[in-house]
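Visitor: got a sequence here, can you build the structure:
(3 chains)
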Amino acid sequence: MINPLTGRVHTSYHQAVTATGRLSSTDPNLQNIPVRNDEGRRIRQAFIAGKGNRIVAADYSQIELRIMAHLSQDKGLLDAFAHGEDIHRATASEVFGVALDKVSGEQRRSAKAINFGLIYGMSAFGLSRQLNIGAGEAKRYMDLYFERYPGVLRYMENTRQLAASKGYVETLDGRRLWLPDINSSNAIRRKAAERAAINAPMQGTAADIIKRAMIAVDDWLQQRNDGAIRMIMQVHDELVFEVQGDEVESASEQIRALMEGSMKLDVPLQVEVGVGENWDEAH
DNA sequence: ATTCAAGGCGCG
DNA sequence: AAAGCGCGCCTTGAAT
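Guide: Predicted coordinates:
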C-alpha cells in the first residue's frame, strides 16, 4: 500500500460514515493498529518519523468521562476532575468507601470497569461478566456508584426519557443520532437503542471536540506555511504529527493549547503529549 | 471472479 | 432472550 510518489502509506479518512460523528479510516485502517501488548507495540514501532523529524502524539485524557461530568453536572465527578484526580482511583474510593491512598489495585480495576461500562450503558449483568463476579455483587457496585454520583444516575434517566420523547439524542455541537428503536415494543431492540442513546452524546461530543481541534491546528499550520509541522493521523482521541526536530518543543505546547482549548467545558480538558522516533515511543 | 453475511479480532 | 458503544479487515462458506 506504499504510494510510489511519496514512498509512504496513506489512509483515507471518511467524515460521513459513523453514527456518532467520529471519522473512520480505510485502505488501510490506521485507527486499529495494535498497541495493547508487546507484539502489537512492535508493529507500532514501524511507524517512523523521517530523517531529522520526530513523531509527536497528543491524546485527550479521559475525554468521555470528562464529557459525562459536564453533561451530568454531577458534583462529585466535576470535583474529581477539577482537582486533577486519578478518576478511576477516585471512583474506587467513593464506591468502596476507602481513602484515596488505600485503594487496592483490584478496587481500581473494578472502578475502571464501572466507569467504562457507564459510558456504554452497561447493565449490572454486563459488569458481573466483565469483572467475573456474581450478579448480586455487581448490582451492589452499581447501586453504590449511583448513590455516590447521583447526578450521573439522573443524567442517564433523563437521556433515556429525552430520547424516547424526541426520537433522537444530540452532542454538544448539535449532531443528532436518530433512534428509531427507542420506543420499540421489542425489549431487546429498545434496550439496545437506550444504550446507543446514552453513549452517543459522550462519544459524539468527543468527536466534536477533536474535530474543532483539528480545524484550529490546521488554521495555525496554514499560517506558518513552512511544512515543519504536519498533522498526519487522527485516532479518535489522538492526533499524530510529524515535526522537525528543532520545532518539537514549541509545537508540542501549541498543539496541547489548541486541543485543550478546543471547547470550554465545566471540567478542564487534559492532553498528554509524547515524542519519539516512532509512534510507539511517542506514547 | 465477485458479492454477501457471519464470526473473530484489532483499535478508541 | 439478551445482556457494552463506535468502527474496518480477514477468513470462511455459500450464492451469484
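
Visitor: can you count the residues close to the nearest residue to A:Gly274 once chain neighbours are set aside?
Guide: Distances taken as C-beta to C-beta, 6 or more residues apart in numbering place A:Ala282 nearest to A:Gly274, at 4.3 Å, with adjacent residues excluded. Quick note: C-beta positions are derived from backbone N, CA and C, even for glycine. For A:Ala282, the neighbour count with other C-beta atoms under 10 Å is 22.

Visitor: ok, the closest residue to DNA strand C within the stretch 1-150 of chain A to DNA strand B distance?
Guide: Proximity of the stretch 1-150 of chain A to DNA strand C (C-beta to the nearest atom of the strand) peaks at A:Gly126, 2.2 Å away. For A:Gly126, the distance to DNA strand B equals 14 Å [C-beta to the nearest atom of the strand, to the nearest Å].

Visitor: now A:Ala196: phi and psi?
Guide: Per-residue torsions, A:Ala196: phi -60, psi -40 (degrees, to the nearest 10).

Visitor: surely it meets A:Leu179?
Guide: Yes - when contacts are counted by C-beta atoms under 8 Å, A:Ala196 is listed as touching A:Leu179 (6.4 Å).

Visitor: list the contacts of A:Pro47.
Guide: Wrong residue type there; residue A:47 is Phe, not Pro. With contacts defined as C-beta atoms under 8 Å, 6 or more residues apart in numbering, the neighbours of A:Phe47 are A:Ile33, A:Ile55, A:Asn278, A:Trp279, A:Asp280.

Visitor: oh, that last question was meant for A:Gln107, not what I typed.
Guide: Neighbours of A:Gln107 in contact, by C-beta under 8 Å, 6+ apart: A:Ala92, A:Val95, A:Phe96, A:Val98.

Visitor: now do the helices in the stretch 151-283 of chain A.
Guide: A:187-224, A:248-260 (DSSP state H, counting those that start in this stretch).

Visitor: which other helices and strands does the shortest one contact?
Guide: Spelled out, it's helix A:248-260. Contacts defined by 3 or more C-beta pairs under 8 Å, 6 or more residues apart in numbering; DSSP states H and E place helix A:248-260 against strand A:53-60, helix A:187-224, strand A:238-244, strand A:271-276.

Visitor: neighbouring strands - and their directions - for the shortest one?
Guide: Meaning strand A:271-276. Next to strand A:271-276 in the sheet, as set by DSSP bridges, lie strand A:53-60 (antiparallel).

Visitor: for the partner strand, report the contacting residues that lie outside it.
Guide: A:47-49, A:206, A:209-210, A:235, A:237-245, A:248, A:251-252, A:255-256, A:259, A:269-279, A:281-283.

Visitor: quick revisit: now, which of the contacts of A:Phe47 lie within strands?
Guide: A:Ile55 (DSSP state E).

Visitor: intersect the contacts of A:Phe47 with the contacts of DNA strand B.
Guide: A:Ile33 (C-beta under 7 Å from any atom of the strand).

Visitor: just the buried ones from the contacts of A:Phe47?
Guide: If you count burial by 16 or more other C-beta atoms under 10 Å, the buried members of the contacts of A:Phe47 come out as A:Ile33, A:Ile55, A:Asn278, A:Trp279, A:Asp280.
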